[in-house]
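>>> just a sequence and a predicted model for now, questions to come.
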Protein chains: 2
Amino acid sequence: MDLVEFNRFKVVLESVRRLLHRGATPNLRNILSKLHPADVAQLFKFLSPAETYQLFDVLDDHEQAAQVLKEALPEHRMIILERIDKERLSQILNALPSDDATDILEDLPEDLRAEIIARLGIRQSASVEEHLSYPEGSAGRVMVTHFLALPEDMTIADAIEEVRRAKKSEVFYVYVVDDEKRLKGVLSLRQLVMANPSSRLGEIMVTDVVKVPPTADQEDVAKIVARYNLIAVPVVDSEEKLIGIVTVDDVIDIMREEATEDLLKLAGTAEEDITTSSSLKSVRLRFPWLMITWVGGILSSVVVAAFSPTIERFVYVAAFMPIIAGMAGNVGSQSVAVVIRGLATGRIDTSQLWKILFKEVRSGILLGIAYGILLAAFAWVRFGSPLLGASVGISVCAAMTLSASWGTLLPLAASKLGADPAFISGPFMATTTDVAAMAIYLGVATALLNI
Amino acid sequence: MDLVEFNRFKVVLESVRRLLHRGATPNLRNILSKLHPADVAQLFKFLSPAETYQLFDVLDDHEQAAQVLKEALPEHRMIILERIDKERLSQILNALPSDDATDILEDLPEDLRAEIIARLGIRQSASVEEHLSYPEGSAGRVMVTHFLALPEDMTIADAIEEVRRAKKSEVFYVYVVDDEKRLKGVLSLRQLVMANPSSRLGEIMVTDVVKVPPTADQEDVAKIVARYNLIAVPVVDSEEKLIGIVTVDDVIDIMREEATEDLLKLAGTAEEDITTSSSLKSVRLRFPWLMITWVGGILSSVVVAAFSPTIERFVYVAAFMPIIAGMAGNVGSQSVAVVIRGLATGRIDTSQLWKILFKEVRSGILLGIAYGILLAAFAWVRFGSPLLGASVGISVCAAMTLSASWGTLLPLAASKLGADPAFISGPFMATTTDVAAMAIYLGVATALLNI
């Protein structure tokens, strides 16, 4: 089913709703068996929590239920996990690759998680435990532990036989390892098909393999996969032993997640804010960030109050406070956005700090001069005071230059120090530039107007 | 070479620089032949324009030069395209899949582009022309036209023979078509390897193929690939004829590009702002967006000036102008970010408009009440005026509720109307909420304080 064919999807949704209300389980099963698990998971978006669980409960095939649970959004998964029988959950999780099972278990409270892990098959529970031993967001957490690793002296014919027997539904690469499981080389399935059946893997394998350690940040793994156009990247431990692979479909999820995180962090909130329908949760996520704005705003009020004699005498000065803060804030956001996405996509590099900073300073000055002249002209004409014109003109130029530099320096410095550049939140930028812009403007205006 | 191993990269970079300066072409060729094209393209980031071209010129293998050009960032590509001999460029472009050749040609001025296309091989120039006939950002533009399409009655053994002969370096799927080239089914390479060699493709192919039209938006194509965990998606025309495939590595580039575009649009600038080192170009990109802020700021100044009697009488009123505008602006950005990324990742849907809007209104009210109380208390204590406290408290609450609703409604409405939700730029949001917040605050303060 195409995304484009939303109307067909709606027809399915309506049938599912009707059958759910009638409790027509066999008919439902019939419909669901024809849908891709990702499409079943889409249905949840339009159902109530009770209906969501009811629909999931209809799936009697553990394999299908597992895939649906994997594809479901976190909030729908939670609805199902809260209601599901533990025995059934263990069976479902046994049907999933261990990385996906881990991903689902991560959402559960610690004690419930331990209980479910204990009920899993021995191999599966060991695998899940191994995944959980790596930090969240690392290659070890997202890697798949089912892969095809074959010895160097195996013949191509035997390797093809192994591919046939492999349980993994999609095999794209065959990894070649020595007796100690150390990664020696890689072969694509096509290279395997093309080779002479009697040659040995070691003779035709590619030995220059791009690989990552299990502790690598998932964002770096995604960058490597994107850079070398890979379908999967092997994960090797400190002894070069092959312990898993990160596949491209997980990389797509990682990139999407990271992009979402960047944008939301920059706006001062978090990913859960998208998926929650609870305003209380949303408030909990946003409140701390807005506190930054609040504290900054209080500082601004102190700055402005300090200049109250000027404002009292020349009341029109107050009229330009919002525009000066606004211009400075927006030019700062532009710089922050350019640096953060430049770093995320690898287009800019912290080693170029000075080059980028000088470009931003120059842009800030040029934009500041242009808007300074415009605003000075407006203020002069509107209030007939050339000195007010000069004050707003100089202030806009100074505040915009400062903001552009500040918005470049902060994320670049964070990244250079090994921190996440997106920690430079929008609220923090906005509020610091606000305070600075007010101090500059009212300072300049006081100096000039009192001449 | 790992991204992690930046130090090794630096050593290579230093050698390349030294050899470039000495003009030691054979040694350079030796080093470059051992590097992945993506890594050669990385070197450009640290070289001057003259050195960049000099290094590219060293690559005498057209195949390698083509891959390097493909992997190079737009700004480095431009440096090379401006200097390269047209004959050589045609040869290089002949060595690329037509989608990549098109991608490179897109950057050239129209007349130069036409000249180069005329010099390409007949098949390649026809393919490039076909790509260019689809709109920018469509599946037709990014699809690969080299794929393996085989007839239904072919045996598995013969199909494997075709895979062996195929020129395409990585084949993952085999597409099954009828005599009219209409897409009938698909088989993964592994399914092919697993099948009985004497069966026919038509017997074992998967017939329920996820496919897209050439006019599909590349963002929708990326969503489909992500949703169904595909390695490639076939592109079929209105007669169901298979005309190309979009591969997962292109999807990764598309997703990254779209995420970058969203964030930069939201900040009020464009992707070129990352790659350009020219501040003049950067100013050209940012100036129009800042004009929105400027016009909004002028409106704010008119609003504030209209209330100058209040400000003159109660000068401390001016002190709270920045904080009220700031709180409203930031809560609005949070809503915009949540809606835009929610839509981009498919987690929220325009059909849920009212549900999402109500959640945002509730969050806005709750945050407004919390911060309203905090600010009212501060203002009352600081300036000893309960009426000022009431004014700022009520205004923050009203302005935050309004901003949260506005920031939700605008992108959702844009998306519902088929427009890009990210067109709701940050500057536009910031400036409209600023004007509204000033009007609310000064209106409320005037009413209350003049009692």
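All right, it came through fine.
>>> part of a strand, is residue A:150?
Yes: counting by DSSP: H, G, I helix; E, B strand; the rest coil, residue A:150 is part of a strand.
>>> pLDDT score for it?
Looking at residue A:150, its pLDDT is 94.
>>> neighbours of it, how many?
Using other Cβ atoms under 10 Å in any protein chain shown, residue A:150 has 19 neighbouring residues. Where you see a C-beta, it was placed from the backbone N, CA and C, and this is true even at glycine.
>>> same question for the one 10 residues further on.
The burial count assigned to residue A:160 is 19, neighbours taken as other Cβ under 10 Å.
>>> likewise the one 3 residues further on?
Per other Cβ under 10 Å, the neighbour tally for residue A:163 reads 20.
>>> the strand or helix carrying it packs against which elements?
In this structure, residue A:163 sits in helix A:156-165 according to DSSP states H and E. Applying 3 or more Cβ pairs under 8 Å, 6 or more residues apart in numbering or on different chains; DSSP states H and E, one finds that helix A:156-165 contacts strand A:173-177, helix A:189-194, helix A:201-204, helix B:189-194.
>>> which residue is nearest the centroid of chain A?
The centroid of chain A falls nearest to residue A:258 when counting by Cα atoms, centre = their mean (1.8 Å).
>>> what sits against residue A:118?
Taking Cβ atoms under 8 Å, 6 or more residues apart in numbering or on different chains, we find residue A:118 in contact with residue A:125.
>>> where exactly do the strands run in chain A?
A:149-151, A:173-177, A:183-188, A:232-236, A:242-247 (DSSP state E).
>>> separation between residue A:421 and chain B?
12 Å (Cβ to the nearest Cβ, to the nearest Å).
>>> what's the burial count for that residue?
Residue A:421 has 24 nearby residues by other Cβ under 10 Å.
>>> surely it meets residue A:412?
Yes: counting by Cβ atoms under 8 Å, residue A:421 does reach residue A:412; the two are 7.2 Å apart.
>>> any common contacting residues for those two?
With Cβ under 8 Å, 6+ apart as the test, residue A:421 and residue A:412 both reach A:339, A:343.
>>> quick check: closest non-adjacent residue to the residue of the stretch 301-450 of chain A found nearest chain B.
Going by Cβ to the nearest Cβ, chain B is nearest to residue A:323 of the stretch 301-450 of chain A, at 2.6 Å. Spatial nearest neighbour of residue A:323, chain neighbours left out: residue B:297 (2.6 Å); criterion: Cβ to Cβ, 6 or more residues apart in numbering or on different chains.
>>> residues contacting that neighbour?
Residues in contact with residue B:297, defined by Cβ under 8 Å, 6+ apart, are A:320, A:322, A:323, A:324, A:326, A:327, A:375, B:431, B:434.
>>> from those residues, keep the buried residues only.
A:320, A:322, A:323, A:324, A:326, A:327, A:375, B:431, B:434 (16 or more other Cβ atoms under 10 Å in any protein chain shown).
>>> and of the residues you listed, the nearest to residue B:146?
residue B:431 (49.1 Å; Cβ to Cβ).
>>> that closest one touches residue A:326, doesn't it?
Yes: using Cβ under 8 Å, residue B:431 is in contact with residue A:326, at 6.3 Å.
>>> shared neighbours of these two, anything?
B:293, B:296, B:297, B:300.
>>> need those residues in TSV with distance to residue A:195, can you?
Listed next are the shared contacts of residue B:431 and residue A:326 as TSV, based on distance: Cβ to Cβ, whole Å:
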residue	distance to residue A:195
B:293	62
B:296	66
B:297	68
B:300	71
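>>> out of the residues you listed, grab the one that's most surrounded.
For the shared contacts of residue B:431 and residue A:326, the largest number of neighbours (other Cβ under 10 Å) sits with residue B:297, at 29 neighbours.
>>> how close does it get to residue B:287?
15 Å (Cβ to Cβ, to the nearest Å).
>>> how is chain A partitioned into domains?
A:6-137, A:149-249, A:272-449 (automatic domain parsing).
>>> the residue nearest to residue A:29 when sequence neighbours are not counted: neighbouring residues, count only.
Among residues not flanking residue A:29 along the chain, residue A:58 sits closest, at 5.9 Å (Cβ to Cβ, 6+ apart). Neighbour count for residue A:58, taken as other Cβ under 10 Å: 21.
>>> one step back: wait, the residue of the stretch 301-450 of chain A closest to chain B touches residue B:299, no?
No: using Cβ under 8 Å, residue A:323 is not in contact with residue B:299, being 9.0 Å away.
>>> comparing the domains of chain A, which comes out most buried?
Across those, averaging neighbours per residue (mean count of other Cβ atoms under 10 Å in any protein chain shown) puts domain A:272-449 on top, at a mean of 22.
>>> start to end distance for it?
End-to-end distance for domain A:272-449: 50 Å, by Cα to Cα, to the nearest Å.
>>> thinking again about what came up before, now the helix holding residue A:163, how far from the centre of its chain.
In terms of Cα atoms, centre = their mean, to the nearest Å, the centre of helix A:156-165 is set 38 Å apart from its chain centre.
>>> and that helix, C-alpha only, in PDB?
Output of helix A:156-165 as PDB, limited to C-alpha atoms (Å, rounded to 0.1, in the frame of the first residue of the first chain):
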ATOM      1  CA  ILE A 156      32.000 -20.200  -2.800                       C
ATOM      2  CA  ALA A 157      29.700 -23.200  -3.500                       C
ATOM      3  CA  ASP A 158      29.500 -24.000   0.200                       C
ATOM      4  CA  ALA A 159      29.000 -20.300   1.100                       C
ATOM      5  CA  ILE A 160      26.100 -20.100  -1.200                       C
ATOM      6  CA  GLU A 161      24.700 -23.200   0.500                       C
ATOM      7  CA  GLU A 162      25.100 -21.400   3.800                       C
ATOM      8  CA  VAL A 163      23.200 -18.400   2.400                       C
ATOM      9  CA  ARG A 164      20.400 -20.800   1.500                       C
ATOM     10  CA  ARG A 165      20.200 -22.200   4.900                       C
END
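>>> does residue A:52 touch residue A:80 like I think?
Yes: Residue A:52 lies in contact with residue A:80 (Cβ under 8 Å); the separation is 6.8 Å.
>>> quick one, grab the pLDDT at residue A:4.
Model confidence at residue A:4, given as pLDDT, is 45.
>>> sorry, back to before: contact partners for the residue of the stretch 301-450 of chain A closest to chain B?
Residue A:323 sits next to A:375, A:392, A:396, B:293, B:294, B:296, B:297, B:298, B:300, B:301 when contact means Cβ under 8 Å, 6+ apart.
>>> and for residue A:369?
residue A:397.
>>> now it: how far from residue A:247?
Residue A:369 is 52 Å from residue A:247, by Cβ to Cβ.
>>> which residues are in contact with the residue nearest to residue A:172 when sequence neighbours are not counted?
Nearest-residue entry for residue A:172: residue A:231, 4.6 Å, with adjacent residues in sequence omitted and distances by Cβ to Cβ, 6+ apart. Shown in contact with residue A:231 (Cβ under 8 Å, 6+ apart): A:172, A:173, A:247, A:248, B:170, B:172, B:231, B:248.
>>> out of these, which comes closest to residue A:41?
For those, the residue nearest residue A:41 by Cβ to Cβ is residue A:247; the value is 19.1 Å.
>>> contacts for stretch A:78-91?
A:44, A:49, A:52-53, A:56, A:62, A:69, A:72, A:104, A:107-108, A:115-116, A:119-120.
>>> 7 Å - rerun?
A:49, A:52-53, A:56, A:62, A:69, A:72, A:107-108, A:115-116, A:119-120 (Cβ atoms under 7 Å, 6 or more residues apart in numbering or on different chains).
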